[in-house]
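In: All I have is the shape, not the residue letters:
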């Protein structure tokens, strides 16, 4: 195989590949012990991690990094403890490796079983998200995979210290970072077929699209989050206020934050004033259609571009629609197929929404912020897959395994 970038780069990937063979056969107890060592290492390295993270934050501010991305980049003591707690949660989860998916006996006595196995080497390309470094490394280890990380320039110092903590706990080549190779390293990783079994991008729509279009390595596509909430004619007012506010403001810099609010016209006069007033009190800028601005003047005009926008900020697009059918049609046009939610007291409307909206996660009467591996009980997540092949929605341990067939016979031959 021709050199991908430099001999040193190739050596790192080869070491990850070699490590994956050993990881695939480790017992659950050994993997859990390594995970606990990682969690302990995070808790005991908080000062060093925060110091390196501060360098990235300062660089980000100097380079005009958006407030939303700065929030994603930030590591506080509480967030680091949260990362170590997530690693400990992964320890408690069932090891997927070796699980029997299905099995059967053929008429000739040959026994078939389909079992879960690791991918091998998982590559990840992401930006300004140092938490992903820990989440993916921990999930990869528990599922028997090695991992190669390209975490982006914005978080380079943070990622370096986090990988160092992880590698000290593992004392092996199972987790590699290629941040020092810059964009050329990312391009080489996308070409590393034979070294890397699957590539997972996380970040902006531009980053994800670039990886999907240019990678020679199979990609599990995670998606940008143009997320919608629909307030139906029968929507409970208190639920509407709380769900919209939480979906938009609980953390604006994440992919499951609300970006577009759709309100059925027959409910608009009843629910919109309170819903939008609560948002304005939280400093959210309302980008409203003409009907919305007539009901709530403290807003600005919405544009066509706003409806396809993932803001990562305290902004929201609002549109009043004629009925639920128009709301669903709007979602089909602008959604990135991440998460959509409806607030309704009508069972028929709820079931129609669940059946007709084609996104990775479709909700009734719940905040979109629940689309998360930790909230779903996965401990952490590799990402939110918005594609339809292999995995969809929050990706945990099972989603970064494949399967193989085991065939056990006693001398049978095919006739």
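Out: On my side now, so go ahead. Keep in mind that this is a model prediction, so the values were computed, not measured. Numbering: from 1, shown residues only.

In: Sketch out the helices for the stretch 101-250 of the chain, chain order is fine.
Out: 130-142, 156-170, 182-190, 205-214, 237-249 (DSSP state H, counting those that start in this stretch).

In: ditto for the stretch 251-400 of the chain
Out: Assigned by DSSP H, counting those that start in this stretch, the helices in the stretch 251-400 of the chain fall at 265-281, 290-295, 324-334, 347-356.

In: right, so of those, which gets closest to residue 163?
Out: helix 324-334 (37.4 Å; Cβ to Cβ). Just so you know, the C-beta spots here come from the backbone N, C-alpha and C atoms, and that holds for glycine as well.

In: Next, the angle helix 347-356 makes with the closest one.
Out: Computed by axes from the mean of the first three to the mean of the last three Cα atoms, to 10 degrees, the angle separating helix 324-334 from helix 347-356 equals 20 degrees.

In: Show the average pLDDT along helix 324-334.
Out: For helix 324-334, the mean per-residue pLDDT is 98.

In: Point out the other helices and strands that it packs with.
Out: Judged by 3 or more Cβ pairs under 8 Å, 6 or more residues apart in numbering; DSSP states H and E, helix 324-334 is in contact with strand 227-231, strand 258-264, strand 315-321, helix 347-356.

In: which parts of that helix are buried?
Out: For helix 324-334, a neighbour-count test (16 or more other Cβ atoms under 10 Å) marks 324, 327-328, 330-331, 334 as buried.

In: Distance to residue 340 added to those, as TSV?
Out: Formatted as TSV, the buried residues of helix 324-334 follow (distance: Cβ to Cβ, whole Å):
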residue	distance to residue 340
324	12
327	9
328	9
330	10
331	6
334	11
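
In: Can you add distance to residue 303, mean neighbour count and mean pLDDT and give the helices and strands packed on helix 324-334 back as TSV?
Out: Formatted as TSV, those follow (distance: least, Cβ to Cβ, whole Å; neighbours: other Cβ atoms under 10 Å; pLDDT from 0 to 100):
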stretch	distance to residue 303	mean neighbour count	mean pLDDT
strand 227-231	17	27	98
strand 258-264	12	27	98
strand 315-321	9	23	98
helix 347-356	26	15	98
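
In: Can you lay out those as TSV showing distance to residue 42?
Out: Below are those laid out as TSV (distance: least, Cβ to Cβ, whole Å):
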stretch	distance to residue 42
strand 227-231	30
strand 258-264	31
strand 315-321	34
helix 347-356	39
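
In: What distance do you get for residue 65 to residue 57?
Out: Residue 65 is 8 Å from residue 57, where distance means Cβ to Cβ, to the nearest Å.

In: swap that for residue 268, sorry
Out: 41 Å.

In: Now do the contacts for the nearest residue to residue 133 once chain neighbours are set aside.
Out: Nearest residue to residue 133 in three dimensions, chain neighbours excluded: residue 162, at 4.6 Å (Cβ to Cβ, 6 or more residues apart in numbering). Neighbouring residues of residue 162 by Cβ atoms under 8 Å, 6 or more residues apart in numbering: 42, 49, 130, 133-134.

In: Likewise for residue 218?
Out: By Cβ under 8 Å, 6+ apart, residue 218 lies in contact with 197-199.

In: Identify those among the residues you listed that sit within strands.
Out: 198-199 (DSSP state E).

In: Just put the contacts of residue 218 in TSV and tack on neighbour count, distance to residue 339 and pLDDT.
Out: Output for the contacts of residue 218, formatted as TSV (neighbours: other Cβ atoms under 10 Å; distance: Cβ to Cβ, whole Å; pLDDT from 0 to 100):
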residue	neighbour count	distance to residue 339	pLDDT
197	21	28	97
198	19	23	96
199	26	23	96
